[in-house]
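Peer 1: pasting the structure only:
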């Protein structure tokens, strides 16, 4: 009987962890052929966040704009080495020259005060341009 209980508990943990992993997955932003910008849309709930990967080279200029009806939705940009990009933490707009080459992460999330509210959700769109 104990082994059945442990097996059920283990399976429940796997299901719950799988759901969390899917909510925190990374999505690659791809530009259409000949384009230098792209737009992605999504929804986050509570403490979820969504990571978008964008490949770029050192010296390129990036411009990012987040649009959301929820004023507590923001984004942060992480450099390929995992460090925050200067001036790009918890913002809705960013523009600047990139200091490194590699995959940058644009993380969209809600501020904690909003995320902890029951049934908090945010629909958003992110427009990214690289020159």
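Peer 2: Thanks, I have it. Source: prediction; values computed, not measured. Numbering: from 1, shown residues only.
Peer 1: residue 114: what secondary structure?
Peer 2: At residue 114, secondary structure determined by DSSP: H, G, I helix; E, B strand; the rest coil is helix.
Peer 1: count of neighbours near it?
Peer 2: The number of residues packed around residue 114, counting by other Cβ atoms under 10 Å, is 17. Where C-beta positions appear, they are placed from N, C-alpha and C, glycine not excepted.
Peer 1: list the contacts for the closest residue to it other than its chain neighbours?
Peer 2: Closest residue to residue 114 in three dimensions, ignoring its sequence neighbours and counting by Cβ to Cβ, 6 or more residues apart in numbering: residue 72, at 3.5 Å. Listed by Cβ atoms under 8 Å, 6 or more residues apart in numbering, the contact set of residue 72 reads 110-111, 113-115, 122.
Peer 1: farthest-separated two in the residues you listed?
Peer 2: 113 and 122 (12.9 Å; Cβ to Cβ).
Peer 1: how near is residue 32 to residue 53?
Peer 2: Separation of residue 32 from residue 53 (Cβ to Cβ, to the nearest Å) stands at 17 Å.
Peer 1: of these two, which one has the most company?
Peer 2: The neighbour comparison of residue 32 against residue 53 (other Cβ under 10 Å) goes to residue 53, with 15 against 8.
Peer 1: perfect, I'm done here.
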